[in-house]
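K.L.:
Okay, predicted coordinates and the sequence, questions at the end:
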Amino acid sequence: MLKKPTPIRSNHIRNAARGQACTLQIVGVCNGDWSTTVLAHLPDESHGIARKADDLSACFACDSCHSVVDGRMKWPPMEREHKDWYLRRAQMRTWRELFGMGVITIKGAA
C-alpha cells in the first residue's frame, strides 16, 4: 500500500496562472476572459474531503471553465463524454506553460 503523499503546494505555480490563457477552453463554456484565470485543481488521488489536489494536478482556467471543473456548472452534453480528454489536455498545456515561464524545471530538458 502506498503511503499518503505530502501535498505539493507552490505559490509560484498558483501565482503564475494570473492573466494566462485558459488551458481548458471547454467548447461552449470558456469565456475567453483571461483576467479571470486562476489555477484550478483537477480531480486525482491526491485530493479528498476538504483537501485540494496537488498544485501539479491543476490547470489554468477562466472563471467559467473553473466552475465546470468544480461542479458549480454542468459539463455541456456534447463535451461531457470528453471530460477526461479536456482535463488531461489542460494539465499538459499548463505544464508546458509553466515550463516555458521557468516556474517548473525538468532535469535534462531544453
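P.N.:
Thanks, I have the structure now. What you are looking at is a predicted structure, and each value in this text was computed from that prediction instead of being measured.

K.L.:
what's the nearest residue to Ala90 if we skip its chain neighbours?
P.N.:
Cys59 (3.6 Å; Cβ to Cβ, 6 or more residues apart in numbering). (C-beta placed from N, C-alpha, C; glycine too.)

K.L.:
Might you report the residue contacts of the residue nearest to Lys52 when sequence neighbours are not counted?
P.N.:
Of all residues not flanking Lys52 in the chain, His41 sits nearest, at 4.5 Å (Cβ to Cβ, 6+ apart). By Cβ atoms under 8 Å, 6 or more residues apart in numbering, His41 lies in contact with His47, Lys52, Ala53, Asp54, Asp55, Ser57, Ala58, Val69.

K.L.:
coming back round to it: which strand or helix spans the residue nearest to Ala90?
P.N.:
Assigned by DSSP states H and E, Cys59 belongs to strand 58-61.

K.L.:
Now do that strand: which elements does it pack against?
P.N.:
strand 38-41, helix 83-100 (3 or more Cβ pairs under 8 Å, 6 or more residues apart in numbering; DSSP states H and E).

K.L.:
Among those, which comes closest to Ile106?
P.N.:
helix 83-100 (6.6 Å; Cβ to Cβ).

K.L.:
contacting residues around the closest one?
P.N.:
So helix 83-100 is contacted by 13, 16, 20, 23-26, 42-43, 56-61, 69, 75, 79, 104-106, 109 (Cβ under 8 Å, 6+ apart).

K.L.:
Mind giving me the PyMOL command for buried ones among those residues?
P.N.:
Per 16 or more other Cβ atoms under 10 Å, the buried members of those correspond to this PyMOL selection:
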select buried, resi 13+16+20+23+24+25+26+42+56+57+58+59+60+61+69+75+104
